[in-house]
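Trainee: Structure of the sequence below:
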Amino acid sequence: MTGEPPSPDGPDEFPTDEELPDETVTVDDITPFTVDDDGFEDIDDFAAAEWKNETTADERIRTVINKTTVLKSAGDIADAALVSETKARATLNKLAEEGIVRSHQTDSGKLYARDPEWHLLKQIRQLAGSETLVDQIQRVKQEIAAYNAKYDATDPAELLVSDKDLDQDELDDVSHWRTAERELGYLRAAYRFKEAKDTVASETEPRDKQTGNQTTSPGGNHPPLQ
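Mentor: Reported below is the predicted structural model:
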């Protein structure tokens with residue numbers, strides 16, 4: 001391996017006769033799906049069957065609820081997740097107990113949606129684990145600074161309430177500006193979360209699991225207690 005990118009004209013080396021299959025491979029021999037598509041006239045029905053075949057009921061329910069921002073019934077979620085209403089309700093109630101889903105009791109039954117706080121914390125935890133977190137923060141700050149300089153405004157709201165008539169390109173900038181500010185908020189929260197985790201980890205002293213005795217002193221300047 002040379003580490004060089006492949007040539008746009010094709011590979012530099014081709015398989016030998018011994019490496020080639022005995023019979024010529026055609027497109028018909030390649031089957032990327034696990035479900036036979038011969039029995040489906042509608043592509044949506046085929047996609048649903050493929051999804052159902054490749055996932056569990058719980059996985060599909062979690063996929064649907066993770067995208068559900070407004071309260072919906074267990075029946076609606078069951079239809080989207082290709083499961084029975086009974087299965088959907090049982091899984092949703094379990095997820096509600098875990099804090100992943102929020103539920104609301106109405107006269108006609110219980111409604112469900114993803115818990116916004118849990119979803120936000122999930123995003124922050126994922127961002128905190130990124131090795132490029134600082135670079136992402138700097139990139140978004142530079143993007144916002146460019147908007148500040150371009151419109152001589154501190155934030156997009158100031159531009160919107162100004163007397164200036166905004167054309168479509170400027171309105172698009174406002175939308176992107178708002179997105180950048182929201183992204184920066186998430187990234188900063190993730191950075192603080194990472195710092196807090198690192199601080200807790202550094203302050204946690206190892207302890208002897210068998211005796212319960214402290215093996216290192218709080219200041220780190222004294223030998224372990226015997």
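
Trainee: ok, and the helix or strand in this structure with the lowest average confidence?
Mentor: The helix or strand of the chain with the poorest confidence is helix 43-54; it has a mean of 82 (mean pLDDT, DSSP states H and E).

Trainee: quick one, the helix or strand following that one and helix 43-54 angle?
Mentor: Where DSSP states H and E defines the elements, the next helix or strand beyond helix 43-54 is helix 57-66. With axes from the mean of the first three to the mean of the last three C-alpha atoms, to 10 degrees applied, the angle from helix 57-66 to helix 43-54 works out at 120 degrees.

Trainee: counting contacts, what elements does helix 57-66 pack onto?
Mentor: helix 74-81, helix 85-97, strand 109-114 (3 or more C-beta pairs under 8 Å, 6 or more residues apart in numbering; DSSP states H and E). Any C-beta I mention is one placed from the backbone N, CA and C, and that applies to glycine too.

Trainee: can you do 10 Å?
Mentor: With contacts defined as 3 or more C-beta pairs under 10 Å, 6 or more residues apart in numbering; DSSP states H and E, helix 57-66 has these neighbours: helix 43-54, helix 74-81, helix 85-97, strand 101-106, strand 109-114, helix 116-128.

Trainee: What average pLDDT does it get?
Mentor: Mean pLDDT, computed over helix 57-66, is 94.

Trainee: Same question for it: list its buried residues.
Mentor: By 16 or more other C-beta atoms under 10 Å, the buried positions in helix 57-66 come out as 57, 60-62, 64-65.

Trainee: And the contacts of that helix?
Mentor: Residues from elsewhere that reach helix 57-66, judged by C-beta atoms under 10 Å, 6 or more residues apart in numbering: 51-52, 54-56, 72, 74, 76-84, 87-92, 94-96, 100-101, 112-115, 119, 122.
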